[in-house]
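> build me a model:
(chains A and B)
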Amino acid sequence: MDFTLSKEHEMARTLFKEFAEKEVKPLAQEVDETEVFPRGTVEKMAKYGFLGIPVPKEYGGQGCDPLTYVMCVEELSKVCATTGVIVSAHTSLCIDPIMTYGTEEQKQKYVVPLAKGEKLGAFGLTEPGAGTDAQGQQTKAVLDGDEWVLNGSKCFITNGKEADVYIIIAVTGKVEKRGRMQKEISAFIVEKGTPGFTFGTKENKMGIRGSSTYELIFTDCRIPKENLLGQKGKGFSIAMHTLDGGRIGIASQALGIAEGALETTIDYVKERKQFGRSISQFQNTQFVLADLATKVEAAQLLVYKAAMAKATQKVYSVEAAKAKLFAAETAMEVTTKCVQLHGGYGYIREYNVERMMRDAKITEIYEGTSEVQRMVISGSLLK
Amino acid sequence: MKIVVCIKQVPDTKGGVKFNPDGTLDRAAMLAIMNPDDKAGLEAALRLKDQYGAEVTVLTMGLPKATDVLREALAMGADKGILVTDRVLGGADTWATSTTIAGAIRNLEYDLIITGRQAIDGDTAQVGPQIAEHLGIPVISYAQDIKIDGDKVIVQRQYDDRYHVLEAKMPCLITALSELNDPRYMTPGGIFDACKAEITTWGRADLKDVDDSNLGLAGSPTKIAKASDKVRKGAGEKVVPESPEEGVAYIVGKLKEKHVI
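Presented below is the predicted three-dimensional model:
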């Protein structure tokens, strides 16, 4: 087994790091303070192909592997978790299901502009009453002639108002399964601007404050029949499979946040003096940093392993769940301890670790809480 | 149009310069990057390619490791990479270097050669103009803007307090300043292609119309007696406040920022 990165991945890391430092980091604090979606950054990322990294070139992408994409989200999230999740939701939750389940026409029509970054993508599964219990969907889609008619709402949608193309999960009927009637769930592609598709409230969040998180509302929203994604009735498994990929993206985001906080803190403890010496000379500081660095590296190995699994395996749910669980909890622990090492300054907005700690929390919640990841992992152990 | 861009892999001096005990640069201890002026020259060539259509060939002389900067250039959008490497070419000063590069370029068709003004490791600014001299073509140095008009280039040449607009018939050589532009990033897909791309490697035998007496350490008239880092002194910061209060507030703010108070 060889843990060294290939030349391609080393160069890609250099690229993402340089871009993040020059283009993303200077805006991170302002994006957090003002909750303004970093549209200019998204346009720059589009120009350099960051919005279609794992997509084949014939569909407008960069033709790279999932590991390259993971490293992009990681490096962006080191300096700005908002920017990291914009790329992750767009790529993993919108492009990926169309690439996996879409027809050739759907790929040409939607993936090409999404991968080129001409359009931005989003994914709508969560509803007020259907979070972890994703089966509790209320949004309905009814076929009327050549159109599906959508009614209902989705909440907490990342890239909410800024996206152009949305994957929407909705109930299309009832089916009998093991003697019980269950909801039949399907997936759809919905374009912004479709009559009957509007936006509700913007969420005022603890972290990732520049990401556009909105409620999506569908009122007699009519979309073409051909915008059904995959087979009718397969929406739940499409959503779950999509989230497996999404979790690798969020795991990368969490990893980046943890790495960013650790790097910032290493610089800080060398500079900060108390009792006549830099606090890096205290053994408590040294031991805390040693533990954090070890956990961050373990998280990185799990995340990279999950990315490699996505490249080579059809099913990678458990790898993705482990990566997300560990990376998210590491991000929370690392940022919390980094704030502590900063002392009072860590609690001040001017210092980046304060933002990083707020940003880290969501990684334990969205695209499957840590508890859901434990369900997935234990399910594979006890089947 | 065919453009040849000469680039050099140099140690990144951002983190400070490191020396070996004998006074030579400790290149192994420093990150290797594409020389900034050369990168601006490459960007200028890529912009000409975008605007007028061109084939951009990047050429470097150095150790095999220098292929890294060629791949970086390919990942930014260059079409071909050529590495000139040979033990007998090692230890070259500007004269031997320009002789070597000119010998390599004689194998190529070109309308325009672009080099950086100077490399951050040697800071001589001699190699570009010397290449033009060897090839017998005009040179315009310190370019801050480049335009093409038919078979001519129109270049703004930078001076401290003004610029000159110069015209030259192609083929010609231009030396570029890092202020010329803001070089583009690589693209992820470009990186993957660049790593698969074949890099042409030339040695002494591939150089055209050059004499051995002008190559490598033996062919270098320059002898370095001693090299050392200059003592660095902070540039400082001059602030002209509107009022004494504002000045005091500024200084106190800076001291707090540095955790002095």
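> excluding its backbone neighbours, what's nearest whatever residue of the stretch 51-200 of chain B ends up closest to chain A?
Nearest residue of the stretch 51-200 of chain B to chain A: B:Gly189, at 3.4 Å (Cβ to the nearest Cβ). C-beta here means a position set from N, CA and C on the backbone, and glycine is covered the same way. By the measure of Cβ to Cβ, 6 or more residues apart in numbering or on different chains, the closest residue to B:Gly189 outside its immediate chain neighbours is A:Gln62, 3.4 Å from it.
> can you tell me which residues contact that neighbour?
A:Gly49, A:Gly52, A:Ile53, A:Pro54, A:Val55, A:Thr68, A:Ala115, B:Thr187, B:Pro188, B:Gly189, B:Phe192 (Cβ atoms under 8 Å, 6 or more residues apart in numbering or on different chains).
> filter these down to the buried ones.
Applying 16 or more other Cβ atoms under 10 Å in any protein chain shown to the contacts of A:Gln62, the neighbour count classes A:Gly49, A:Gly52, A:Ile53, A:Pro54, A:Val55, A:Thr68, A:Ala115, B:Thr187, B:Pro188, B:Gly189, B:Phe192 as buried.
> send the alpha carbons of the helix or strand where the residue of the stretch 51-200 of chain B closest to chain A lies over as PDB?
Element membership of B:Gly189, judged by DSSP states H and E, is helix B:188-196. Taking C-alpha atoms only, helix B:188-196 is exported to PDB below (Å, rounded to 0.1, in the frame of the first residue of the first chain):
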ATOM      1  CA  PRO B 188      -7.700  20.300 -12.800                       C
ATOM      2  CA  GLY B 189      -8.300  18.700 -16.200                       C
ATOM      3  CA  GLY B 190      -5.300  20.500 -17.600                       C
ATOM      4  CA  ILE B 191      -3.200  19.000 -14.800                       C
ATOM      5  CA  PHE B 192      -4.300  15.500 -15.600                       C
ATOM      6  CA  ASP B 193      -3.600  16.000 -19.300                       C
ATOM      7  CA  ALA B 194      -0.300  17.700 -18.600                       C
ATOM      8  CA  CYS B 195       0.900  14.700 -16.500                       C
ATOM      9  CA  LYS B 196       0.100  12.400 -19.400                       C
END
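> next SSE after it?
strand B:200-202.
> which positions within that following strand qualify as buried?
So for strand B:200-202, counting by 16+ other Cβ under 10 Å, buried means B:Trp202.
> what residues does that strand touch?
Contacts for strand B:200-202 (Cβ under 8 Å, 6+ apart): B:Pro64, B:Lys80, B:Gly81, B:Ile82, B:Leu83, B:Val84, B:Thr85, B:Ala104, B:Asn107.
> okay, now the second one: neighbour count?
So the one you mean is B:Lys80. Residues contacting B:Lys80 under the criterion other Cβ atoms under 10 Å in any protein chain shown number 18.
> B:Ala54 is in contact with that one, correct?
No: between B:Lys80 and B:Ala54 there is no contact under Cβ atoms under 8 Å: 11.8 Å.
> for the residue of the stretch 51-200 of chain A found nearest chain B, grab phi and psi.
For the stretch 51-200 of chain A and chain B, the shortest gap (Cβ to the nearest Cβ) falls at A:Gln62, measuring 3.4 Å. Torsion angles at A:Gln62 (phi, psi; degrees, to the nearest 10) stand at phi -100, psi -10.
> likewise A:Lys305?
phi -70, psi -40.
> can you get me a residue count around the closest residue to it other than its chain neighbours?
Leaving aside its sequence neighbours, A:Lys305 sits nearest to A:Glu319 (Cβ to Cβ, 6+ apart; 6.1 Å). By other Cβ under 10 Å, 24 other residues sit near A:Glu319.
> in which helix or strand would I find A:Glu319?
Applying DSSP H and E, one finds A:Glu319 within helix A:317-342.
> do A:Lys361 as well
helix A:352-363.
> and chain B, which of its residues are near chain A?
B:71-72, B:75, B:184-192, B:194-195, B:259 (Cβ under 8 Å from any Cβ of the partner chain).
> can you select the buried ones from the residues you listed in ChimeraX?
Only the buried entries of those go into this ChimeraX selection, using 16+ other Cβ under 10 Å:
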select /B:71,72,75,184,185,186,187,188,189,190,191,192,194,195
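> kindly report the residues of chain A close to chain B.
Residues of chain A lying near chain B (Cβ under 8 Å from any Cβ): A:6-8, A:11-12, A:15, A:18-19, A:48-50, A:53, A:57, A:61-64, A:68, A:72, A:271-273.
> show me which of the contacts of A:Gln62 is closest to A:Leu243.
Proximity of those to A:Leu243 (Cβ to Cβ) peaks at A:Pro54, which lies at 16.4 Å.
> can you confirm B:Ile82 is in a strand?
Yes: assignment of B:Ile82 by DSSP: H, G, I helix; E, B strand; the rest coil places it within a strand.
> one step back: quick one: contacts of the helix holding A:Lys361?
A:28-29, A:32, A:81-82, A:205-208, A:250-251, A:253-254, A:257-258, A:260-261, A:264-265, A:324, A:327-328, A:331-332, A:334-336, A:338-339, A:342, A:346-349.
> right, I'll leave it there.
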